[in-house]
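Enquirer: no sequence for this one, just the structure:
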């Protein structure tokens, strides 16, 4: 058993009072003890009762009735609607409509009185209208007036036990727990209990009195050294703490940071690029023919005419144009169409991260070299639970004299295991206009089964040679949004970029598990 | 990506295999770069990823790839006899719809399901490969109703015939306005004075290509075993290849294919062409290249066998390597790597053992990202929560609501105005967070580092990384954000100086330009109540925004 904690100062004050005065009621203690207020008494007595240092000697609950808002209204009218209705009937009224002409009570109250009287059988209705079944003086409603209204005319309350059973029944019925503003009566329960100190309480109090205990450590306590002969009051440690909102990095950014760190750890250099690109770098340099469907106006965002990004070198443009038209120096036959330099210079929003790789190839990369970049890309999609206006892709290249298909597979395997944390993976032939051979990787997700883990391939000579690269180049790319959703247990992609702070604060982040994916069924 | 629907039973019957079940089928489909999209009873929905292989966008093509891989290459359209049928092309079609290719297929009588599948393939090719019937569209007819030679003519829109699905004659212009198909494809003939028409030597109309066939000759029924097939369009390559693919499909089904001579007038092709064209595109690769790309030595015989399993028409061994002739339905070979990929697909990727690149390379962070990381950590340490917002936003948010001085770059073809511009500032994003987070416990201290697009004085647009932070709450004032930027600069050893500035976003007299190293790099201030009001924000807010690179020091 753990050691019993020390008495809190409030507890000590209550025990001191009870030791001196013996069994006392709540009211006596609140009024006479040294406890500062009722709240302190409540807390201290709860703690002490739970630790058995104080016992409840007796407990008495009693119901009291007082007039509610409607009751007070009746008192002012000098009569209840039921009695008034019986009086009207005696005076010759034959229908509810007749009675409702009297405006002492509103129509609604007349209506409910009528209902009550019908229910208790004091009036009946037949072809000749409504009649009394007995004199109003003999009804329970008269008794209510005499026994409840009259005694409470000056305010205050009375014990329910004083009332005969039939009266108490109706009074209880008309004192709802809710909607008290429309109640005729209000019944409340008053608990009277007597508390006394227990034998254990006396022992605990004695122990407390014999020790100097220290609560908060103050600079004074430290300066005077009083702590040397004192005991530290033990705290109750399992009270829920108050919450603070810590500053923190965005969950998705943390995910992206983890991806970046892992690529850098594998020896990759980070690339950066531009949100706006010309078609040259986004498509043409990647040997995507200008008639390719993915270059359509319905697939790419074009920027306003006049908004330009710096043009490629004229010789770059010529080499790429020639490659498209007839293969140029690549050993191939090209796409066999007339290449438009004007279209090549059009400014668009980057639609694929591979644009970064094309630019890197064209700017004297290290050979051997490994590059990666996380790029925001834009595709022409309606925003919904699976599409964002812009999305993150990680892209990269590996260049080297003897790079080949097996290295491509080795690298993909490394990504699957080291970056995505997949337990299994498989390779399938893929198709991308800029790579040949092309490979798609699928990885086994613990919950969702096989999911796409990115595309890759060896850049075609039509991509490399015009940009001045003569060694083989592995290229790969992977959308990150979906992977992040899996890792964070998010089902609506828009939540990745939510503007709602409370939602954002609710996303649980575990950077060490970000890429392996949280078990969704646990969430 | 083309998607097709096929019958399982039909697919496996033609592929000559037993139903392998979906899981195995998924592996088999890697031969055609295909995936199972859905599988429901006999219906299989497949997605074909190779946009350069229209021959695979049909059950015949997928089945052929599987069949040939299992039992070797097959001869297609070999030993076609000399044509004894002709089509004459009108020279006035040059500016309308110049090209036609055609053949006949006899001896195979499709049942209703097979006929439907045939029409599906024809539609799929015309839609995806033929750019919605523009560059190529195909039609089938009952051969016995047609007297050769057939004429492909350019005629007046007032020419009339009884179109498929109708009982009475209609003029071509009526067909374009009064039939659904006509309305769908009317744009193909917009601005043309003469329209295309196919008719036989007796003057019977076959069709108004690529819109509608005729009710008499152009209505093929289940059980018809003698078919005439034509493809017309604006792109000669596409027209020819479409006809060749359809001919191979029909031959696979058991039909005998007979060629037709197309007589083109001067000036546009100046010659006759026999269709279907039996293409023999050749790709050559040296063993050195093959080994280089594959990363392993493979015997030349294995290379040959692998390519024949990919249905190459022939594979010759040369002194230095191999020369493969692609089957007639394929024109996607551009150079040797394309042949090498076929070897890879044939052998299967599991044939190749993964290997790590051996050469050492250094991992390096982009310098600006290094800076961003350091700043982000300092801000989180200052109790700020990081925000991530989209790059696309609206002019209304940037200009009207936030009153940003500079103009964002507009998208010429926006999908919606809500995402009609590229952000040039991060502040609207942070204000939007405030406008949706009044219920979240205060105080709100938020920040974002992110890319924006700005246009420089040289007229070029460039991507910059900005840092913005905003504090909102009962007592949020200038001093709060000043402390943040102040301690940020202090941590990075940078001297910060503020000078009074005018900016509609902020309260006059409580707004300053941030100057670092004698360069104005940002702005700081208490947000103007009018701006807060525009965003529906009911607590005071202060913010700063600065170019991240200024914090390099």
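Expert: Yes, it's here. No experiment lies behind these values; they were computed from the predicted model shown.
Enquirer: who's in contact with residue B:480?
Expert: Applying C-beta atoms under 8 Å, 6 or more residues apart in numbering or on different chains to residue B:480 gives the contacts B:445, B:471, B:542. The way it works is simple: take the backbone N, C-alpha and C, and place the C-beta from them, glycine included.
Enquirer: and if you look at residue B:53?
Expert: When the contact criterion is C-beta under 8 Å, 6+ apart, the partners of residue B:53 are B:32-33, B:61, B:330, B:332.
Enquirer: ok, it to residue B:480 distance?
Expert: In this view, residue B:53 and residue B:480 are 62 Å apart by C-beta to C-beta, to the nearest Å.
Enquirer: pLDDT score for residue A:521?
Expert: With respect to pLDDT, residue A:521 scores 38.
Enquirer: Quick one: name the residues of the stretch 101-250 of chain A near chain B.
Expert: Selection of the stretch 101-250 of chain A residues close to chain B by C-beta under 8 Å from any C-beta of the partner chain yields A:243, A:245-250.
Enquirer: Just the buried ones from these?
Expert: Buried subset of these (neighbour count, 16 or more other C-beta atoms under 10 Å in any protein chain shown): A:247-250.
Enquirer: Next, the closest residue to residue A:26 other than its chain neighbours: secondary structure please.
Expert: Leaving aside its sequence neighbours, residue A:26 sits nearest to residue A:193 (C-beta to C-beta, 6 or more residues apart in numbering or on different chains; 6.2 Å). Three-state call for residue A:193 (DSSP: H, G, I helix; E, B strand; the rest coil): strand.
Enquirer: and residue A:193, what pLDDT?
Expert: Predicted confidence (pLDDT) for residue A:193: 88.
Enquirer: Run a quick neighbour tally on it.
Expert: Here the number of neighbours of residue A:193 (other C-beta atoms under 10 Å in any protein chain shown) works out to 15.
Enquirer: Residues in a beta bridge with it, which ones?
Expert: As for beta bridges, residue A:193 partners with residue A:59 under DSSP bridges.
Enquirer: out of the contacts of residue B:480, which is most surrounded?
Expert: That'd be residue B:471 among the contacts of residue B:480, by other C-beta under 10 Å, with 31 neighbours.
Enquirer: what about stretch A:297-317, distance to the chain center?
Expert: Computed by C-alpha atoms, centre = their mean, to the nearest Å, the chain-centroid distance of stretch A:297-317 equals 43 Å.
Enquirer: in the strand or helix carrying residue A:76, what's buried?
Expert: Following DSSP states H and E, one finds residue A:76 within helix A:69-77. By 16+ other C-beta under 10 Å, the buried positions in helix A:69-77 come out as A:70-71, A:74-75.
Enquirer: Need the contact partners of it.
Expert: Contacts for helix A:69-77 (C-beta under 8 Å, 6+ apart): A:67, A:80-81, A:84, A:104-105, A:109, A:149, A:152-153, A:180-185.
Enquirer: before we move on, the earlier item: hang on, isn't the residue nearest to residue A:26 packed against residue A:56?
Expert: Yes - counting by C-beta atoms under 8 Å, residue A:193 touches residue A:56, with 5.4 Å between them.
Enquirer: what number of residues lie near the residue nearest to residue B:16 when sequence neighbours are not counted?
Expert: Excluding its sequence neighbours, the residue lying closest to residue B:16 (C-beta to C-beta, 6+ apart) is residue B:67, at 5.1 Å. A count of nearby residues for residue B:67, using other C-beta under 10 Å, gives 17.
Enquirer: Any idea how many residues pack against residue B:80?
Expert: With other C-beta under 10 Å as criterion, residue B:80 counts 16.
Enquirer: what number of residues lie near the residue nearest to it when sequence neighbours are not counted?
Expert: Using C-beta to C-beta, 6+ apart and skipping residues adjacent in sequence, the residue nearest residue B:80 is residue B:259, 5.0 Å away. Neighbour count for residue B:259, taken as other C-beta under 10 Å: 24.
Enquirer: and the residues of the stretch 101-250 of chain A next to chain B as CSV, adding secondary structure, distance to residue B:513 and pLDDT?
Expert: Converted to CSV, those look like this (DSSP: H, G, I helix; E, B strand; the rest coil; distance: C-beta to C-beta, whole Å; pLDDT from 0 to 100):
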residue, secondary structure, distance to residue B:513, pLDDT
A:243, coil, 38, 76
A:245, coil, 31, 80
A:246, coil, 32, 87
A:247, coil, 26, 93
A:248, strand, 30, 93
A:249, coil, 29, 95
A:250, coil, 28, 95
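Enquirer: With distance to residue A:507 as extra columns, can I get those residues in CSV?
Expert: Formatted as CSV, these follow (distance: C-beta to C-beta, whole Å):
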residue, distance to residue A:507
A:243, 16
A:245, 13
A:246, 14
A:247, 15
A:248, 10
A:249, 12
A:250, 9
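Enquirer: In contact with residue 401, which residues?
Expert: No chain was given, so I picked chain A. A:367-368, A:471.
Enquirer: try again with chain B
Expert: Residue B:401 makes contacts with B:428, B:431, B:531, B:534-535, as judged by C-beta under 8 Å, 6+ apart.
Enquirer: Kindly report the same for residue A:408.
Expert: Going by C-beta under 8 Å, 6+ apart, residue A:408 touches A:439, A:456-458, A:474, A:476.
Enquirer: Now do the residue in the stretch 351-500 of chain A that chain B sits nearest to, the pLDDT please.
Expert: Nearest residue of the stretch 351-500 of chain A to chain B: residue A:404, at 3.3 Å (C-beta to the nearest C-beta). As predicted, residue A:404 sits at a pLDDT of 95.
Enquirer: Residue A:518 too?
Expert: If you check residue A:518, the pLDDT there is 44.
Enquirer: How about residue A:93?
Expert: Reported pLDDT at residue A:93 in the predicted model: 80.
Enquirer: circling back to that earlier point, what's the separation between the residue nearest to residue A:26 and residue A:43?
Expert: Going from residue A:193 to residue A:43 by C-beta to C-beta gives 16 Å.
Enquirer: packing partners for the helix or strand harbouring residue A:167?
Expert: Taking DSSP H and E as the criterion, the element that holds residue A:167 is helix A:165-173. Contacts defined by 3 or more C-beta pairs under 8 Å, 6 or more residues apart in numbering or on different chains; DSSP states H and E place helix A:165-173 against helix A:140-144, strand A:185-197.
Enquirer: all helices of the stretch 301-450 of chain A, in order?
Expert: Residue ranges of the helices in the stretch 301-450 of chain A, as given by DSSP state H, counting those that start in this stretch, are A:314-326, A:341-344, A:354-361, A:405-414.
Enquirer: Please identify the most buried of those.
Expert: Counting by mean count of other C-beta atoms under 10 Å in any protein chain shown, helix A:354-361 has the highest mean neighbour count of these, with a mean of 27.
Enquirer: how much space is there between residue B:62 and chain A?
Expert: 14 Å (C-beta to the nearest C-beta, to the nearest Å).
Enquirer: re earlier: of the contacts of residue B:53, closest to residue A:339?
Expert: The closest of these to residue A:339 turns out to be residue B:332 (C-beta to C-beta; 19.2 Å).
Enquirer: Compute the number of surrounding residues for the closest one.
Expert: 15.
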